[in-house]
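> sharing a sequence plus its predicted fold:
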Amino acid sequence: MISRIDAAVARSWFSRALGALAAARPQIDALNVFPVQDSDTGTNVVLTLSAGARATQELAEDSPLGELTAALAEGALWGARGNSGVILAQALQAMARTFEGRDAVGPVELIRAFDAVAQAAWAALAQPVEGTIVSVTRDVAAAVLPLGPRVTIQDVARTALLAGHESLGRTTEQLAALRGSGMVDAGALCFVILLDALAATVGAPDVPHPDWLAGAAAAPSDHGPLEGFEVMYVVRASHRQATTLRMHLTEVGNSVVVVRGKSDVWHVHVHLEHPARALSDLPMSQVCVRRLDTPPREVGIVATTTAPQLLEPLAAAGAVAILGAEPHTVARAIIDTGAAEVIVLPCSDHAAASAAAARRDPVVLADGISVTLAPTSDDLAVLESVGILGGASGWTLADQLEAVRAAVEASATYRVEGADARTLEAEIGVLAARLAELRPGVVSVLVGGAVGAHRAASHLAALLRAAIPDVETFVLAGGQPEPALVVAAQ
């Protein structure tokens, strides 16, 4: 009989849990009604834990428990999806800290881990809600803490599982969105599945319980309209800065989760109406934005951009929008489309190179996702292409690519750098004269964050209207660090 949890037992536990969650993913997705009814909790948790599992594969087989759980937690943090995924990543961080430096742990350390998980899960949320995963973690901790010193691993696992099932059963009445439905909270169910896998791994006696997944059959398929966007990113911040960020996000959005990993790395999740308001001035990476009510698409769209203000229109048109374009971020966005075929719209040569690398990502390959790069190379081309693809219902992949190609070929793009206001004005004059000779019908200007960029954009528009009376000019806020202006003439 297993008396302690070492790395081998932990690997078996995590593998069993991930397999059970993957098998139940469709039903868990159907149960998802909180914090929004976007039917993705099962998917998000599986993607989160899969990222953690991949991180452990880089370790030696004889790595101790502490190293294994640390790798699992860090991988899950970077790969976390959705509200429940981020909370579970935080729970794994708490467990890893409890097991730090240990080759194996016994019942007492496991009890401490459950207590740490409950505290971490509760602290991760700006506004914890009863009847969700956080209340179940708290009830489990409350059940195991009174256990005496002579308990076994099996005793702790069974007590935790029994408390988890009892608490899960209460979520149907605690959570207003579930009341009277007979369904349980999807995120809380994921946590209980983890507990069930632990109990089975260590050989704890079975705990009779209802078939919680049965409620998925009665779950409404039409959840009604959802509004707003999901914004997720990783930020480097001190504890004080992260606290300030959490307070700000609570003011501008909801479903706020801010959790810490190693070396002052924090994973941020929020739902809100205007994505740019969620962004931080601190160093960010892996910035992903999607519309909460994006319908399933046969061909998914990933839109890369350097312009924070474009995240909203890009996501509103149905793309998974990412700020910056490192290979792992592009790969994440490709997977998040949920489509078997995906078009990636690069905003630069760097983004194109990252997209090409993302096509070879192990998860993208394992999922059999076909990835095609569109011939875009700037932010305005990406914006126009998303507008085309967003309305391309029923089009084949070839038709969509041809439409993008035609739009790109019909447009000439110019970058206006301008190291200072005087240089910027001089460049504007030269560009206006060039465009006056070309006499385009439509000119779009994306305004960056450089000093004087807005004035320069207004000046350019005025010069063009004077030289070409019938030209249509559109000035858009982009906020990109560089160039000062991106100008597209059609």
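Nice, I can see it. Residues are numbered from 1 along each chain as shown.
> so who does Pro485 touch?
Actually, residue 485 is Leu. It isn't Pro. By CB atoms under 8 Å, 6 or more residues apart in numbering, the contact set of Leu485 is 415-416, 418, 428, 445-448, 453, 456-457, 460. For the C-beta atoms, the positions are set from N, CA and C on the backbone; glycine is no exception.
> and which of those residues is nearest to Ala30?
Nearest to Ala30, judged by CB to CB, of the contacts of Leu485 is Leu446 at 41.0 Å.
> on the three-state scheme, Gly187 is what?
Counting by DSSP: H, G, I helix; E, B strand; the rest coil, the backbone at Gly187 sits in helix.
> I meant to write Arg434 there.
Secondary structure for Arg434, judged by three-state DSSP, is helix.
> Cys300 is in what secondary structure piece?
Actually, residue 300 is Gly. It isn't Cys. Following DSSP states H and E, the helix or strand that holds Gly300 is strand 299-305.
> and that strand, which strands flank it?
Within its sheet, strand 299-305 is paired with strand 320-323 (parallel), strand 341-345 (parallel), according to DSSP bridges.
> point out the most buried one among those strands.
Most buried of the strands paired with strand 299-305, by mean neighbour count (mean count of other CB atoms under 10 Å): strand 320-323, with a mean of 28.
> identify all contacting residues around that strand.
With CB under 8 Å, 6+ apart as the test, strand 320-323 has contacts from 233, 275, 279, 284, 286-290, 300-306, 308, 310-311, 314-315, 329-330, 333-334, 336-337.
> what helices or strands is the very next helix or strand once past that strand leaning on?
Downstream of strand 320-323, the first helix or strand assigned by DSSP H and E is helix 327-336. If you count contacts as 3 or more CB pairs under 8 Å, 6 or more residues apart in numbering; DSSP states H and E, helix 327-336 packs onto strand 284-291, strand 299-305, strand 320-323, strand 341-345, helix 349-358, helix 362-366.
> what's downstream of the strand holding Gly300, the next helix or strand?
Next in sequence after strand 299-305, counting helices and strands by DSSP H and E, comes helix 311-316.
> which SS class is the nearest residue to Leu175 once chain neighbours are set aside?
Spatial nearest neighbour of Leu175, excluding adjacent residues (CB to CB, 6 or more residues apart in numbering): Gly131 at 3.3 Å. Following three-state DSSP, Gly131 is assigned to coil.
> could I get the contacts of Leu485 as CSV with pLDDT and secondary structure?
Shown next, in CSV, are those (pLDDT from 0 to 100; DSSP: H, G, I helix; E, B strand; the rest coil):
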residue, pLDDT, secondary structure
Arg415, 94, strand
Val416, 93, strand
Gly418, 74, coil
Ile428, 92, helix
Val445, 96, strand
Leu446, 97, strand
Val447, 96, strand
Gly448, 93, coil
Ala453, 91, helix
Ala456, 92, helix
Ala457, 93, helix
Leu460, 93, helix
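> gap between the residue lying closest to Ile5 once chain neighbours are set aside and Gly148?
Closest residue to Ile5 apart from its sequence neighbours, by CB to CB, 6+ apart: Val105 at 5.3 Å. The spacing between Val105 and Gly148, counted by CB to CB, to the nearest Å, is 17 Å.
> of those two, which one has the most company?
Higher neighbour count among Val105 and Gly148: Val105, with 23 against 7, using other CB atoms under 10 Å.
> the stretch 351-490 of the chain: helices as residue ranges?
In the stretch 351-490 of the chain, the segments counted as helices under DSSP state H, counting those that start in this stretch are 362-366, 379-390, 397-409, 421-438, 453-467.
> neighbours of Glu409, how many?
Other residues within reach of Glu409, judged by other CB under 10 Å, total 9.
> if we can go back for a sec, neighbour-wise, which one of the contacts of Leu485 leads?
Most crowded among the contacts of Leu485, counting by other CB under 10 Å, is Leu446 at 29 neighbours.
> now do the same contact list for it.
For Leu446, the contact set (CB under 8 Å, 6+ apart) comprises 307, 310, 379-380, 383, 476, 478, 480, 485-488.
> you'd agree Glu326 is up against Ser285?
Yes - between Glu326 and Ser285 there is a contact at 7.0 Å, judged by CB atoms under 8 Å.
> quick one, strands of the stretch 101-250 of the chain?
Remark: strands assigned in the stretch 101-250 of the chain by DSSP state E, counting those that start in this stretch are 104-105, 229-236.
> just checking, what packs against the shortest one?
Packed against strand 104-105, as judged by 3+ CB pairs under 8 Å, 6+ apart, are the following elements: strand 5-6.
> following element in sequence after the strand it packs on, please.
Scanning onward from strand 5-6 (DSSP H and E), the first element met is helix 7-31.
> could you list the low-confidence segments of the stretch 101-250 of the chain?
Across the stretch 101-250 of the chain, the ranges flagged by pLDDT under 70 are 176-178, 180-181, 215-226.
> spit out the contact partners of Tyr414.
Counted by CB under 8 Å, 6+ apart, Tyr414 has contacts 431, 434, 486-489.
> of these, buried ones?
In the contacts of Tyr414, burial by neighbour count holds for 431, 486-489, counting by 16 or more other CB atoms under 10 Å.
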